[in-house]
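Engineer: fold the following for me, if possible:
(one chain, ligands or ions: 1)
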Amino acid sequence: MALSKSSKEWLQKTFGDGVRFDEPMNRHTYYRIGGPADALVTPQSRFELAALVTWCTSYGIPYRVLGNGSNILVKDGGIRGAVVDLSQCAGRIRIYAVSEEAVLVGAGGGVKLQRLCRYALKRGFGGMNFALGIPGTVGGAVRMNAGTQEGSIGERVTKIRFLLSTGKCITVRSDQLVFEYRRMGLANGCLNGGRPAVVLQVVFSLYPENAAFLKKEAEKLLENRRISQPPASKSAGCFFRNPASGISAGRLIDASGLKGYRVGDARVSPRHANFIINEGEATAEDVIRLMRYVQKRVSEKFNINLEPEVEIIGDETI
Ligand code: EPU
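Structural biologist: Now for the predicted structure:
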């Protein structure tokens, strides 16, 4: 259900220029696809963020955090409720401790992962290079345990501070968290009764390393990525999770003869078959139809069900 007049008034009064109504999500996603969000809210402080979350909870208005828009497909009908941009209220990086063996760095959930990688690289802090080129935010990256073949983010997390839907904050240590392939969970059940918990801050454990060595390693990793993958623009990275069977989704799709296959302007990348790219004016419906076709063909040929890694959200129609 769309926001009521009084809800809009409250949001306008509380957030002023920090709220936009009926904001097209295609302006905020790498895919450049997605219908309007009822409200896009950018809280300027933790206090404003807590006010938004508790207000949404008490009026039953759905809310969700918009990361960097790099791993989502927003459907053409857009998103009901509030979409929250954390860049202003959880957008800082700070060093907590440095010793000869370890460096503890805290980063807000709204910090871009690439900013954190560059920050570490510049200061000679090792442990983040594996994430170079992953275009999400820190919050989004820990939620899905983002990674590459060189490592995943969960290996570096020491604790996470969450904001619950009640407005309360809690800190969860890494021994209470479970990081699996592209998933993060809690060792004992779910957080916040299954309602959304906002990642406010993550503390990472890094280590001092020779800056010249790190820079060389970074260049090599980025070059490998540039050669093997299409540019991140107008895609959401790898579309499917790699199946447990061990053969990568990209190889399975390729071996099904689907490279270059298209539905509307959505196309299986000719460079890397696990990328579904938007070649022009693709709609979410085009991408979803192509996704289903790829799933069907791979299932027929290999008897393997590919699951999307990209988060598909929103309504089909307004
Ligand atoms: N392959 C093909 N055809 C293709 C693509 C790949 O045969 O069209 C083969 C490759 O030759 C290789 C194997 O499949 O032997 C695996 O391919 P690749 O090395 O590109 O790795 P991937 O498993 O497809 C994973 C992550 C990427 C990450 C890379 C590099 C997943 C779903 N994907 O890709 O992450 O960048 O490793 O570390 O886990 C993402 O998460 O969005 C993402 C792109």
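Engineer: and Val98, its phi and psi?
Structural biologist: phi -130, psi 130 (degrees, to the nearest 10).
Engineer: excluding sequence neighbours, find me the nearest residue to it.
Structural biologist: Computed as C-beta to C-beta, 6 or more residues apart in numbering, the closest residue to Val98 that is not its neighbour in sequence is Pro208, at 7.3 Å. From N, CA and C alone the C-beta is placed, and that goes for glycine too.
Engineer: quick check: the one you found touching Phe125?
Structural biologist: Yes. Between Pro208 and Phe125 there is a contact under C-beta atoms under 8 Å: 6.7 Å.
Engineer: residues that sit against both of the two, list them.
Structural biologist: Among the neighbours of Pro208, those also in contact with Phe125 (C-beta atoms under 8 Å, 6 or more residues apart in numbering) are Val103.
Engineer: between the two, who's got more neighbours?
Structural biologist: The neighbour count for Pro208 versus Phe125, taken as other C-beta atoms under 10 Å, is higher for Phe125 (25 against 16).
Engineer: tell me which element the closest residue to the more buried one other than its chain neighbours is part of?
Structural biologist: Spatially, and ignoring its direct neighbours in sequence, Phe125 is nearest to Leu206 (4.2 Å; C-beta to C-beta, 6+ apart). For Leu206, the host element (DSSP states H and E) is strand 198-208.
Engineer: the residue in the stretch 51-200 of the chain positioned nearest to the ligand - how many residues pack around it?
Structural biologist: Closest to the ligand within the stretch 51-200 of the chain is Thr148: 3.1 Å, counting by C-beta to the nearest ligand atom. Neighbour count of Thr148, defined by other C-beta under 10 Å: 15.
Engineer: what comes up buried for stretch 47-64?
Structural biologist: For stretch 47-64, burial by neighbour count (16 or more other C-beta atoms under 10 Å) applies to 48-57, 61, 63-64.
Engineer: which one of those residues is nearest Gly250?
Structural biologist: Arg64 (28.7 Å; C-beta to C-beta).
Engineer: by contact count, what packs against the host helix or strand of the closest one?
Structural biologist: Following DSSP H and E, one finds Arg64 within strand 63-66. Applying 3 or more C-beta pairs under 8 Å, 6 or more residues apart in numbering; DSSP states H and E, we find strand 63-66 packed against helix 46-59, strand 79-85.
Engineer: save these as TSV, and put in distance to Ala102 and mean pLDDT too.
Structural biologist: Formatted as TSV, those follow (distance: least, C-beta to C-beta, whole Å; pLDDT from 0 to 100):
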stretch	distance to Ala102	mean pLDDT
helix 46-59	27	96
strand 79-85	32	97
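Engineer: possible to save the ones you listed as a markdown table with distance to Ala282?
Structural biologist: Shown next, in a markdown table, are those (distance: least, C-beta to C-beta, whole Å):
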| stretch | distance to Ala282 |
| --- | --- |
| helix 46-59 | 31 |
| strand 79-85 | 18 |
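Engineer: export the ones you listed as CSV, with columns for distance to the ligand.
Structural biologist: Shown next, in CSV, are these (distance: least, C-beta to the nearest ligand atom, whole Å):
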stretch, distance to the ligand
helix 46-59, 28
strand 79-85, 21
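Engineer: in the stretch 201-318 of the chain, which spans are helices?
Structural biologist: When secondary structure is read from DSSP state H, counting those that start in this stretch, the stretch 201-318 of the chain shows helices at 211-228, 249-255, 284-302.
Engineer: does the ligand sit close to the second one?
Structural biologist: When you say that, I think you mean helix 249-255. Yes. Helix 249-255 is in contact with the ligand by C-beta under 6 Å from any ligand atom, via Ala249, Gly250, Arg251, Asp254.
Engineer: list the contacts of the least confident helix or strand in the chain by mean pLDDT.
Structural biologist: Least confident helix or strand of the chain, by mean pLDDT, DSSP states H and E, is strand 183-186 with a mean of 89. Contact with strand 183-186 is made by Val142, Arg143, Met144, Asn145, Gly154, Val172, Gln176, Leu177, Val178, as judged by C-beta under 8 Å, 6+ apart.
Engineer: run the last query once more with 7 Å
Structural biologist: Strand 183-186 is contacted by residues Val142, Arg143, Met144, Asn145, Gly154, Gln176, Leu177, Val178 when judged by C-beta atoms under 7 Å, 6 or more residues apart in numbering.
Engineer: who touches the spatially most central residue of the chain in this structure?
Structural biologist: The structure's the chain has its C-alpha centroid closest to Gly140; by C-alpha atoms, centre = their mean the separation is 3.6 Å. Taking C-beta under 7 Å, 6+ apart, we find Gly140 in contact with Gly67, Asn68, Asn71.
Engineer: sounds good, over and out.
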